[in-house]
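Enquirer: All I have is the shape, not the residue letters:
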């Protein structure tokens, strides 16, 4: 079954097959596609695109892309747009990026963000390397918030 799973009003998560369905992209009014893979295609629809070229490997560095992706999703939402984040299976890489977004811009804890994404897409399961990068991101975000006070 093809579907884009709604995480927030402006954010969806899915697998590559669903994200490349022009019908779904138009139906959900998606304006930005973030492709968290090296090999998966983009939809044919005229939408903004962003590629995060990583494999689903615990050794891959997804951490260095967290801020850029989270800010792109937030910027799109502020302009009234909607984003879909996807990888091949919509399980590990895309989930990690969605969790990072929720932690940064919705100020959720790692556990709460993970739960929110899992509620919209039950199969998510960031690999152990990505989980430890999210834990590190949580510490970084807490540090930034302390400094901002």
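Expert: Okay, I see it. Small disclaimer: the values here were computed from a predicted structure and weren't measured. Numbers count the residues shown, from 1 in each chain.
Enquirer: Backbone dihedrals for residue 26, please?
Expert: Phi and psi for residue 26, reported as degrees, to the nearest 10, are phi -70, psi -40.
Enquirer: Please determine how far it is located from residue 43.
Expert: 9 Å (Cβ to Cβ, to the nearest Å). Every residue, glycine included, has its C-beta placed from N, CA and C.
Enquirer: These two: which has the busier surroundings?
Expert: residue 43 (22 against 12; other Cβ atoms under 10 Å).
Enquirer: Make sure the more buried one is actually in contact with residue 17.
Expert: No: under the criterion of Cβ atoms under 8 Å, residue 43 is not in contact with residue 17, lying 10.5 Å apart.
Enquirer: This structure: helices as residue ranges?
Expert: With DSSP state H, the ranges of helices along the chain come out as 16-19, 22-27, 66-78, 93-105, 110-120, 128-148.
Enquirer: possible to save those as a markdown table with mean pLDDT and distance to residue 55?
Expert: A markdown table is the format used below for the helices of the chain (pLDDT from 0 to 100; distance: least, Cβ to Cβ, whole Å):
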| stretch | mean pLDDT | distance to residue 55 |
| --- | --- | --- |
| helix 16-19 | 97 | 14 |
| helix 22-27 | 95 | 25 |
| helix 66-78 | 98 | 16 |
| helix 93-105 | 98 | 8 |
| helix 110-120 | 98 | 20 |
| helix 128-148 | 96 | 11 |
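Enquirer: In JSON lines: those helices, plus distance to residue 33.
Expert: As requested, the helices of the chain are exported to JSON lines (distance: least, Cβ to Cβ, whole Å):
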{"stretch": "helix 16-19", "distance to residue 33": "6"}
{"stretch": "helix 22-27", "distance to residue 33": "7"}
{"stretch": "helix 66-78", "distance to residue 33": "10"}
{"stretch": "helix 93-105", "distance to residue 33": "11"}
{"stretch": "helix 110-120", "distance to residue 33": "17"}
{"stretch": "helix 128-148", "distance to residue 33": "20"}
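Enquirer: roughly how far apart are residue 145 and residue 133?
Expert: Per Cβ to Cβ, residue 145 is found 19 Å from residue 133.
Enquirer: higher neighbour count, the two?
Expert: Each of residue 145 and residue 133 has its neighbours counted (other Cβ under 10 Å); residue 133 has more, 22 against 10.
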